[in-house]
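**Q** here are the coordinates; sequence isn't available:
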């Protein structure tokens, strides 16, 4: 019974306390403007074939070009590098304006003979598919992870 009473006292104290992060009231009686929310994305929004170029995280130099093919309903994805078999891509999550995917392991285009697994976060921005890639190489020692960014344009 003592624990029950303690819980009620704690709830009353919390309920009566003033939140520290409450925005200041507007003297004109207007609510503060809401933050702009990014538009939600669906898999169907990105369906089609994309010409993609991958760059270092902090440079515009193109390291790799490929096609990303996304089925009509967005359920089937593949990376198509020149002179290679398509690499299947798995959609892990769709949240807000982002699509998270994974691929691999497959032989790296950047590091011949080395297996790599990738995780990507993709967004639509000004009609382009843009995002980041984290590549994890199956090697021991340094340089097992590389962070990249990509930009894709939809093919007609």
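**A** Alright, I've got the coordinates. Not measured: the values here are computed from a predicted model. Residues are numbered from 1 along each chain as shown.
**Q** Quick check: mean pLDDT of stretch 69-81?
**A** Average pLDDT, stretch 69-81: 93.
**Q** typo on my end, stretch 44-62
**A** pLDDT averaged over stretch 44-62 gives 96.
**Q** Can you give the distance from that stretch to the centre of its chain?
**A** 13 Å (CA atoms, centre = their mean, to the nearest Å).
**Q** which ones are touching the residue nearest the centre of the chain?
**A** The structure's the chain has its C-alpha centroid closest to residue 121; by CA atoms, centre = their mean the separation is 2.4 Å. The contact partners of residue 121, by CB atoms under 8 Å, 6 or more residues apart in numbering, come to 98, 99, 100, 131, 132. (Glycine included, C-beta is placed from N, CA and C.)
**Q** which stretches of the chain form helices?
**A** Per DSSP state H, the chain carries helices over the ranges 2-16.
**Q** Look at residue 39 and report its pLDDT.
**A** So, for residue 39, pLDDT stands at 78.
**Q** Can you get me a residue count around it?
**A** Neighbours of residue 39 under the rule other CB atoms under 10 Å: 10.
**Q** The one 5 residues further on too?
**A** Other residues near residue 44 come to 12 when the count uses other CB under 10 Å.
**Q** which intervals of the chain have sub-threshold pLDDT?
**A** Filtered on pLDDT under 70, the chain yields the residue ranges 1-38.
**Q** how does it look with 80?
**A** 1-39 (pLDDT under 80).
**Q** ok, and the closest non-adjacent residue to the residue nearest to the centre of the chain?
**A** In space, and not counting its chain neighbours, residue 121 is closest to residue 131: 4.9 Å by CB to CB, 6 or more residues apart in numbering.
**Q** got it, and residue 145?
**A** Nearest non-adjacent residue to residue 145 (CB to CB, 6+ apart): residue 136, at 5.6 Å.
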